[in-house]
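A.B. asks: Here is a sequence together with a model predicted from it:
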Number of protein chains: 2
Amino acid sequence: MKTKQPTILVVNDDGITAAGIKALMHTMKELGRVVVVAPDSPQSGMGHAITIGKPLRLDKVDIYEGIEMYSCSGTPVDCVKLAVNTVLKGVKPDLCVSGINHGLNNSINVLYSGTMSAAVEGAIERIPSIGFSLDDYTTQANFEHCQKFVKELAVQVLANGLPVGTVLNVNFPAGNNIKGIKICRQANAKWAEEFDERIDPHKRPYYWLTGVFQNDDNGEDTDVWALDHNYASVVPVQFDMTAHHAIPVLNTWTFNV
Amino acid sequence: MKTKQPTILVVNDDGITAAGIKALMHTMKELGRVVVVAPDSPQSGMGHAITIGKPLRLDKVDIYEGIEMYSCSGTPVDCVKLAVNTVLKGVKPDLCVSGINHGLNNSINVLYSGTMSAAVEGAIERIPSIGFSLDDYTTQANFEHCQKFVKELAVQVLANGLPVGTVLNVNFPAGNNIKGIKICRQANAKWAEEFDERIDPHKRPYYWLTGVFQNDDNGEDTDVWALDHNYASVVPVQFDMTAHHAIPVLNTWTFNV
């Protein structure tokens, strides 16, 4: 019987002062020893970026009593790498949780999301990992109604582990009436982008990325469907990106080289 | 019969002045109209990052005669989005090619790579897309021996298209004696990282990411195996990251919420 309390690594992409990571670390504190390593500034949309061309800073900070916290100058994925290698000195934590993100990371957003990329990096390091996100993009988002689901999912993953090479992408609808948890697949949706072109005071153009989320997937087994119907969506995500079904197709091609 | 020459979008992550993109755009020039949109500075390791918190710059530049080129302040994925939406005004190119990267992007590197993320973004936009990388990390890398394979793969993809939701990750060994093309799966390998801790002149620590590529996969159908045996590796990559095999496992869990 395992009597030692688990070590739980907490990361995010909204930065170490975000309300979402505060909610997450305090919930995790009920389950074990918490170590937080989070970006010193917002890193939304950083995807799986790592810092190669410049060095990283890592500073121990004292924000919330009784929680070991480090602020990092790098990306969310850098935070996981530094946490495992430098802060924890190569001793893997029992669980890695990322978030709670201010804003959804369902469907195709799994690729752009620093929150999910940090969780994926945890999984690459063979740490059971979960990314959490809420459908509220404001800095004042209220995470209270998610807390019991966050705790339950962490408890289950600590008890059961996760299938090899997978990580959970958990998204919560806003509002108090979440109906339950649905295991889903990633909806086949994308962003229909536009760039807002403006002219700066020096008469030079600049561009703001804007876009509308566009769902082309009518399946009732998707994360988009679950969230639309007020369920928390849980998608098991893998980092083997091979399109295995396409291998036989490509093997029919004849290359003239 | 399609008589109009194809439009080919060329992007990369090493930046618009890199030797690899010069080689790629000149090879593509033999196949159609080339439009280059590339980062104004090196963006290696940027993964699928996008720029949300600040605006982007996009400047038409005149570097190589007869090639339409734009320099962009954003990430490789930003370049694809700006190319499709602003430069090409929503008219999809017939092909998107990314690279040729100075350095391999095989196996797990598909996640960290700006080169591959740009190609994946092309695929999300439903453009047949290919990422190319060479096992030579130097700025002086010689891409000559790759050119006939690059051209042949582009010709095939222009002719056949690609299975829906997939993109090709092509990696070349260094040296002149490439034996041929192998269709592969992504090897189950990872980086064993260490951080090189140093002390700055102000007595504060800083950390450089370093690491050793570690292959735990003995399969002879992987990209690592193909490259080790002097083949160009071609992995079909998908952006549906759902671990479909894990859904029935998770559905056996009972949630007490």
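C.D. replies: The structure has been received and is ready for your questions.
A.B. asks: name the element A:Trp208 belongs to?
C.D. replies: strand A:205-215 (DSSP states H and E).
A.B. asks: Actually, A:Ile8.
C.D. replies: Using DSSP H and E, the element containing A:Ile8 is strand A:7-11.
A.B. asks: which SS class is the closest residue to A:Ala119 other than its chain neighbours?
C.D. replies: Nearest non-adjacent residue to A:Ala119, counting by C-beta to C-beta, 6 or more residues apart in numbering or on different chains: A:Gly131, 3.6 Å away. For glycine as for every other residue, the C-beta is placed from the backbone atoms N, C-alpha and C. Classification of A:Gly131 using DSSP: H, G, I helix; E, B strand; the rest coil returns strand.
A.B. asks: List the buried residues in the longest helix seen in chain A.
C.D. replies: The longest helix of chain A (DSSP state H) is helix A:147-160. With burial defined by 16 or more other C-beta atoms under 10 Å in any protein chain shown, the residues of helix A:147-160 counted as buried are A:149-158.
A.B. asks: now stretch A:46-59
C.D. replies: Across stretch A:46-59, burial judged by 16+ other C-beta under 10 Å covers A:46-51, A:55-58.
A.B. asks: Spell out which parts of the stretch 1-150 of chain A neighbour chain B.
C.D. replies: By the rule C-beta under 8 Å from any C-beta of the partner chain, the part of the stretch 1-150 of chain A lying against chain B is A:42, A:44-53, A:55-58, A:75, A:77-78, A:81-82, A:84-86, A:108, A:110-112, A:117, A:120, A:124-125, A:148-149.
A.B. asks: related to what we said a few turns ago, distance between the strand holding A:Ile8 and the chain's centre?
C.D. replies: In this view, strand A:7-11 has its centroid 13 Å away from the chain centroid, taken as C-alpha atoms, centre = their mean, to the nearest Å.
A.B. asks: what's it in contact with?
C.D. replies: Here strand A:7-11 makes contact (C-beta atoms under 8 Å, 6 or more residues apart in numbering or on different chains) with A:21, A:24-25, A:28, A:31-38, A:76, A:79-80, A:83-84, A:88, A:91, A:93-98, A:118-119, A:122, A:127, A:154.
A.B. asks: now the longest helix of chain A, how far from the centre of its chain.
C.D. replies: Distance of helix A:147-160 from the chain centroid (C-alpha atoms, centre = their mean) equals 16 Å.
A.B. asks: who's in contact with the strand holding A:Trp208?
C.D. replies: Against strand A:205-215 from outside (C-beta under 8 Å, 6+ apart): A:107, A:187-200, A:224, B:50-52, B:55-58, B:78, B:81-82, B:86.
A.B. asks: of those, buried ones?
C.D. replies: Among the contacts of strand A:205-215, those scoring as buried are A:107, A:187-191, A:193-195, A:224, B:50-51, B:55-58, B:78, B:81-82, B:86 (criterion: 16+ other C-beta under 10 Å).
A.B. asks: quick revisit: pick the one among the buried residues of helix A:147-160 closest to chain B.
C.D. replies: Distance to chain B across these (C-beta to the nearest C-beta) is lowest for A:Glu152, with 4.6 Å.
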